[in-house]
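Student: Below are the sequence and a predicted model; questions follow.
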Amino acid sequence: MQEDIREVLLSQEAIREKVQELGQKLTQDYRDLNPLCICVLKGAFPFMSDLVRFMDIHLETDFMAVSSYGDSTQSSGVVRIVKDLDASVEGRHVLVVEDIIDSGLTLSYLLELLRGRNAASVKVVTLLDKPARRTTGLKPDYSGFEVPDAFVVGYGLDYAEKYRNLPYIGVLKEEVYSD
Ligand SMILES: O=P(O)(O)OC[C@H]1O[C@H](OP(=O)(O)OP(=O)(O)O)[C@H](O)[C@@H]1O
Ligand code: HPA
Ligand SMILES: [Mg+2]
């Protein structure tokens, strides 16, 4: 698996430190709000799992699965809900937990959906932000790292469902993908 990686962008230690910092900030900002943290599956599962353990407040979790990349390194432009939330978001302070904002299509679709369901507030925390590829005007409320315009994998991020289990985030060698 490691031989498919061109460059390590973010080490396991750098990720841990940043996730802790984000968790501490969210602990301050969401005190007494009992936020509903929504993990955007599949990519955000390691981030969400680590982040909530750095949030020292009462919170609840829910999971939504959406997909638009499939087996490609380019967005299909169509965001598909694979699994919807279990509970209502009405009146709740919602925190959407994402692994990466790239074109911004996934998030703009999700934000519209959640606002339409009458959440009290909807904010976004993303571990990675790739502003170079943005086609929407979206900016995350909380962001870990800015990444360059390259396809990255690891710590939940996949190419064709692989590499999610890498403990660090790296750039995939171009010869590994075909599109
Ligand atoms: O800003 P965008 O261009 O929309 O890209 C970001 C989204 O794309 C990826 O999901 P993907 O569709 O690959 O599903 P996955 O999380 O199951 O891998 C990633 O996990 C984000 O949810
Ligand atoms: O760079 C990326 N890597 C993995 N999944 C993604 N989904 C959007 N951008 C990316
Ligand atoms: Mg993916």
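Tutor: Perfect, I can see it now. Ligands and ions are numbered 1, 2, ... in the order given.

Student: Stretch 23-43: how far from the chain's middle?
Tutor: Relative to the centre of its chain, stretch 23-43 is centred 12 Å away, using CA atoms, centre = their mean, to the nearest Å.

Student: Could you give me the buried positions within it?
Tutor: Within stretch 23-43, the residues that qualify as buried are Gly23, Leu26, Tyr30, Pro35, Leu36, Cys37, Ile38, Cys39, Val40, Leu41, Lys42, Gly43, counting by 16 or more other CB atoms under 10 Å. Where C-beta positions appear, they are placed from N, C-alpha and C, glycine not excepted.

Student: Is ligand 1 within reach of it?
Tutor: Yes: using CB under 6 Å from any ligand atom, stretch 23-43 comes into contact with ligand 1 via Val40, Lys42, Gly43.

Student: hey, C-alpha coordinates of that stretch in CSV?
Tutor: Output in CSV follows, covering the C-alpha atoms of stretch 23-43 (Å, rounded to 0.1, in the frame of the first residue of the first chain):
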residue,chain,number,x,y,z
GLY,A,23,-11.9,19.4,19.6
GLN,A,24,-10.8,21.9,22.2
LYS,A,25,-12.2,24.8,20.2
LEU,A,26,-15.5,23.0,19.6
THR,A,27,-15.7,22.2,23.3
GLN,A,28,-15.7,25.9,24.1
ASP,A,29,-18.0,26.9,21.3
TYR,A,30,-20.6,24.1,21.8
ARG,A,31,-20.7,24.1,25.6
ASP,A,32,-24.4,23.6,26.8
LEU,A,33,-25.7,23.3,23.2
ASN,A,34,-25.7,19.4,23.1
PRO,A,35,-24.7,19.4,19.4
LEU,A,36,-25.6,16.7,17.0
CYS,A,37,-22.4,15.7,15.3
ILE,A,38,-23.1,14.2,11.8
CYS,A,39,-20.4,12.1,10.3
VAL,A,40,-20.4,12.2,6.5
LEU,A,41,-19.6,8.6,5.6
LYS,A,42,-17.5,6.9,4.6
GLY,A,43,-14.5,9.3,4.5
